[in-house]
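A.B. asks: Okay, predicted coordinates and the sequence, questions at the end:
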Amino acid sequence: MQEGQERTEVVIVGGGLVGASLAALLGDAGLAVSVLDARPKALDVERVGKGQPAPRVSAVTPVSQRLLERLKVWPALQRVTPYTGMQVWEAEGSGSISFDADQAGTPMLGHIVENEVMLAALEARLAELPSVTQIFEARIDALQTTGTGRRLILADGRRFMAPLVVAADGARSQLRELAGIEVRAHETGQTALVTTVRTEHAHGAVARQIFLPTGPLAFLPVTIDGDAHYCSIVWSTTPQEAERLSNLSRDELSDALASAFEHRLGKAEVIDDAITMPLVQRHASHYVEEGLALIGDAAHSIHPLAGQGVNLGFMDAAVLAEEVIEARRRGAELSDLRILSRYARRRRGDNTTMLALMDGFRMLFGADHPALRLARNVGLSSVDRLLPLKRVIMRQAIGERGRLPTSCR
């Protein structure tokens, strides 16, 4: 071993929600894991979950909730908002559909959780696991292949050697690029504007989304200290409109949001800065190579239309952990492509289906042809009257798809 080289069983590049959940699963099983994170330090637990909500939130499905419960993370979350209903409607027409947890046979359809709140709880859990090491300010400079796995060289000269290296470093994954894995990127032609509002009327534990001619606008329920008058906003629209909206004053943006949302919750007061993010769907040409695996946004990034991005990532982490833990139990090499390919086979189909479905919805509701507009309105209202079909859709939306990993059952 070269001087200054650290050897471990698994190196995870990226300490976000998906990378941290994988580290927790592997660490809980006793595997030696190093998490390399470019951020300067862990989140401040004393600050997270206090005051007004952070702008970035996720709609966590019951299946993902079971994973976080398995990791002993869910009870530690500082602030979560359950939602028991969903309402979706078309701005230009009368088409609408609603979903209710009772119809799905579940206590709730999911929870809206601030990303920072989840990550802080995951980081606290990692700190409790003796076999997991979190390393901050870790910037990757090179990836090398050796006879026994992969070697990562950091910008400061440190080296990490492991049979398995996992890329969990997001949609613009540097590790994926260093590995030479191609990615198919699809420009959606939309930009998301994200902020937080306080509404005149309480949200009633219902997630709402209106399809506007330029894209969907979602009001996601957030409750703070028992006050159910907050919503996290995700407004997907054209880049030009997103830029215009982001340059409005808070009062002007408040009026624009309430008007676009047809005043379903009365007036809306913007209480945070608005941030914008270009929406690009990406899918890696392959998820695994010998000694290397991609998970989460490094493997696939999806339109936020249905809030499925983090849930797909959690399932990637759960399936990969299941395959790696079983391989280690058998004494197999963690770098073995046959083992990693089982993870890829179990996840690629579901991810591909969800990416295609979200892109299809985006194009269908973005089309301005009168015949398509009529079909959308009739279709939404027709499905709303078909309870068996709605139950199937809801079971899919809450994550009950295919063979679930043991940690999510």
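C.D. replies: Okay, I see it. Numbering: from 1, shown residues only.
A.B. asks: what sits against the most centrally placed residue in the chain?
C.D. replies: Taking C-alpha atoms, centre = their mean as the criterion, residue 310 is the residue nearest the geometric centre of the chain, at 1.8 Å. Residues near residue 310 by C-beta atoms under 8 Å, 6 or more residues apart in numbering: 17-18, 58, 60, 64, 115. Where you see a C-beta, it was placed from the backbone N, CA and C, and this is true even at glycine.
A.B. asks: and if you look at residue 257?
C.D. replies: Contacts for residue 257 (C-beta under 8 Å, 6+ apart) come out as 197, 217, 233, 235, 268, 270.
A.B. asks: Just list what the longest helix seen in the chain packs against, helices and strands only.
C.D. replies: Counting residues, the longest helix found in the chain (DSSP state H) is helix 337-366. Under the contact criterion of 3 or more C-beta pairs under 8 Å, 6 or more residues apart in numbering; DSSP states H and E, helix 337-366 touches strand 183-199, strand 215-224, strand 275-284, strand 288-289, strand 292-294, helix 309-330, helix 370-384.
A.B. asks: So which bits of the helix or strand that the second one is followed by are buried?
C.D. replies: Downstream of strand 215-224, the next assigned helix or strand under DSSP states H and E is strand 227-237. For strand 227-237, the neighbour count (16 or more other C-beta atoms under 10 Å) marks 228-237 as buried.
A.B. asks: just stretch 188-200 next, same as before
C.D. replies: Neighbour-count burial for stretch 188-200, counted by 16+ other C-beta under 10 Å, picks out 188-199.
A.B. asks: Show me the beta-bridge partners of the residue nearest to residue 57 when sequence neighbours are not counted.
C.D. replies: Leaving aside its sequence neighbours, residue 57 sits nearest to residue 232 (C-beta to C-beta, 6 or more residues apart in numbering; 4.5 Å). Following DSSP bridges, residue 232 is listed with bridge partners residue 196, residue 220.
A.B. asks: picking that back up, what two of the contacts of residue 257 are the furthest from one another?
C.D. replies: Maximum pairwise distance in the contacts of residue 257, criterion C-beta to C-beta, is 13.6 Å, between 217 and 270.
A.B. asks: Sticking with residue 98, tell me its helix or strand.
C.D. replies: Counting by DSSP H and E, residue 98 is part of strand 96-100.
A.B. asks: Remind me what whatever helix or strand comes next after that strand packs against, helices and strands.
C.D. replies: Sequence-wise, the next helix or strand downstream of strand 96-100 (DSSP H and E) is helix 101-104. When contacts are defined as 3+ C-beta pairs under 8 Å, 6+ apart, helix 101-104 packs onto helix 387-397.
A.B. asks: got the CA positions of the helix it packs on in PDB?
C.D. replies: Extracted C-alpha coordinates of helix 387-397, given in PDB (Å, rounded to 0.1, in the frame of the first residue of the first chain):
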ATOM      1  CA  LEU A 387     -61.700   4.100  -8.200                       C
ATOM      2  CA  PRO A 388     -60.000   0.800  -9.000                       C
ATOM      3  CA  LEU A 389     -57.700   2.600 -11.500                       C
ATOM      4  CA  LYS A 390     -57.100   5.400  -9.100                       C
ATOM      5  CA  ARG A 391     -56.000   2.800  -6.500                       C
ATOM      6  CA  VAL A 392     -53.500   1.300  -8.900                       C
ATOM      7  CA  ILE A 393     -52.100   4.800  -9.700                       C
ATOM      8  CA  MET A 394     -51.900   5.600  -6.000                       C
ATOM      9  CA  ARG A 395     -50.100   2.300  -5.100                       C
ATOM     10  CA  GLN A 396     -47.500   3.200  -7.800                       C
ATOM     11  CA  ALA A 397     -47.200   6.700  -6.500                       C
END
